[in-house]
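# Let me see the structure of the following:
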Amino acid sequence: MSKHKAPRLKELSKKLCRAKSSAVSVLVLLVLGTTGCNQSSNNQVTSEVPPPAQEAAAPTTPSAPKPKIVTTFLPMYWFTRAVTGDAADIEILIPPGTEVHDYQATPENVKAIATANVLVKNGLGLEGFLDSTVKNAQNANLKKVDTSKGIKPLNEISPVVKAVKGRGHHHHHHHAQGNPHVWLDPVLAKQQVTNIRDGLVAADPANKAVYEANASAYIKQLDNLHNEFQQGLQKTPNCTFVTFHDAYPYLARRYNLKQVAVVEIPEDQLAPSDVQKVVNTVRKYNVKALFNEPGTDNKLLASLSKDLNLTLREIDPLETGDKDPQHYFRAMQNNLQALQSACQ
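Presented below is the predicted three-dimensional model:
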């Protein structure tokens with residue numbers, strides 16, 4: 001390259017750099033001008049609509065605490081939960097599967113009642129532990145719902161064949177106020193659900209619509225269950241059966257069955273005299289069905305039923321099971337199937 005061309009190239013390079021710098025400056029000004037217009041336009045829009053931060057800072061109304069309801073045992077829990085849905089917190093005093101008649105209250109039971117808004121019980125003297133427990137809880141604001149209100153109680157409708165005195169534990173209990181097992185009759189269960197609904201509406205009127213709607217839906221299911229029992233047992237009127245727990249007089253009366261005797265036997269071990277009592281009772285009343293309860297594994301009873309040419313079937317008093325309110329219908333439909341099979 002010649003010595004004369006080198007200075008010219010350097011000069012041209014400087015000119016190009018100055019031109020690029022000017023162009024960049026113009027471009028930056030154009031961008032800033034455009035951004036300023038956009039910001040001005042955006043400011044006009046957002047001035048009419050509060051920004052999200054302002055909306056989030058708006059005061060909120062705190063939700064009211066759920067009422068606390070204490071129920072005595074499983075069927076009362078089912079019926080109450082069916083009425084409340086998620087609108088209330090519900091506890092159960094007697095663990096499912098625990099003998100209700102002889103239950104002894106615990107300190108936890110007293111604490112639960114002391115902090116409850118509503119107590120739901122079966123009534124008819126079933127919960128013998130309850131009066132003293134409520135007294136100890138000293139809850140002056142506690143609302144009480146007796147689900148058997150308005151139900152005419154039955155006394156013993158069939159003879160009770162007693163076990164040998166002083167041996168073991170048996171199911172029979174003295175019912176001073178009448179037989180308390182009303183929940184095993186779907187029609188009377190409807191009355192119990194209605195009593196729960198009315199009691200909760202009085203105690204918690206803010207949730208009246210929820211309680212009424214839920215109760216109506218559950219009562220409709222009880223109506224359907226009643227119809228199933230009527231249709232399923234109408235072809236076998238006066239079907240005679242023997243049980244080992246005096247829990248079914250309401251069910252028997254409703255559907256024209258005959259609970260002809262309740263045989264008291266120890267739950268731990270049968271003596272030969274107990275076996276003979278069952279044999280004599282079955283022959284005396286020309287029994288078609290012999291019912292034991294779920295979870296009772298008594299091989300001697302099973303052998304006895306074979307000797308009598310009767311199938312030992314299960315019938316559920318619904319004092320155990322899971323806490324889903326729909327379990328009531330599953331267990332009752334199983335009872336219906338057992339009765340239908342036995343009475344054919």
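# Ramachandran angles for residue 193?
The phi and psi values for residue 193, taken as degrees, to the nearest 10, are phi -60, psi -40.
# Tell me how many other residues surround it.
Applying other Cβ atoms under 10 Å, we find 25 residues neighbouring residue 193. Where C-beta positions appear, they are placed from N, C-alpha and C, glycine not excepted.
# check contacts around it.
Applying Cβ atoms under 8 Å, 6 or more residues apart in numbering, one finds that residue 193 lies in contact with 79, 82-83, 147, 215, 218-219, 222.
# Mind doing that once more with 10 Å?
78-80, 82-83, 147, 183, 214-216, 218-219, 221-222, 325 (Cβ atoms under 10 Å, 6 or more residues apart in numbering).
# same deal with residue 134?
Residue 134 touches 70, 105, 109-110, 113-114, 116, 119, 121, 127, 142, 144, counting by Cβ under 10 Å, 6+ apart.
# Report the buried members of those residues.
Using 16 or more other Cβ atoms under 10 Å as the burial test, the contacts of residue 134 include 70, 105, 109-110, 113, 116, 119, 121, 127, 142 as buried.
# tell me which of those is nearest to residue 196?
Comparing the buried ones among the contacts of residue 134 against residue 196 with Cβ to Cβ places residue 121 closest, at 10.4 Å.
# Would you map the helices across the stretch 1-150 of the chain?
For the stretch 1-150 of the chain, the helices defined by DSSP state H, counting those that start in this stretch cover 5-46, 52-56, 74-84, 107-114, 130-137.
# mind exporting the longest strand anywhere in the chain as CSV, just the C-alpha atoms?
The residue-count maximum for a strand in the chain (DSSP state E) belongs to strand 257-263. C-alpha atoms of strand 257-263 as CSV (Å, rounded to 0.1, in the frame of the first residue of the first chain):
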residue,chain,number,x,y,z
LEU,A,257,-92.0,-59.7,60.7
LYS,A,258,-92.2,-61.5,64.0
GLN,A,259,-89.3,-61.3,66.3
VAL,A,260,-90.5,-64.2,68.4
ALA,A,261,-87.8,-64.3,71.0
VAL,A,262,-84.5,-62.9,72.1
VAL,A,263,-82.1,-65.5,73.4
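# And the following helix or strand past that strand, what's buried?
Downstream of strand 257-263, the first helix or strand assigned by DSSP states H and E is helix 272-285. Using 16+ other Cβ under 10 Å as the test for burial, helix 272-285 gives 274-275, 277-278, 281-282, 285.
# got the contact list for whichever helix or strand comes after helix 272-285?
Sequence-wise, the next helix or strand downstream of helix 272-285 (DSSP H and E) is strand 289-292. With Cβ under 10 Å, 6+ apart as the test, strand 289-292 has contacts from 236, 239-245, 247-248, 257-260, 263, 265, 278, 281-282, 298, 301-302, 304-305, 308, 310-316, 335, 338-339, 341-344.
# Mean confidence (pLDDT) on strand 289-292, please.
Averaging pLDDT along strand 289-292 gives 88.
# Show me what that strand pairs with in its sheet, parallel or antiparallel.
Note on strand 289-292: by DSSP bridges, its sheet partners are strand 239-243 (parallel), strand 312-314 (parallel).
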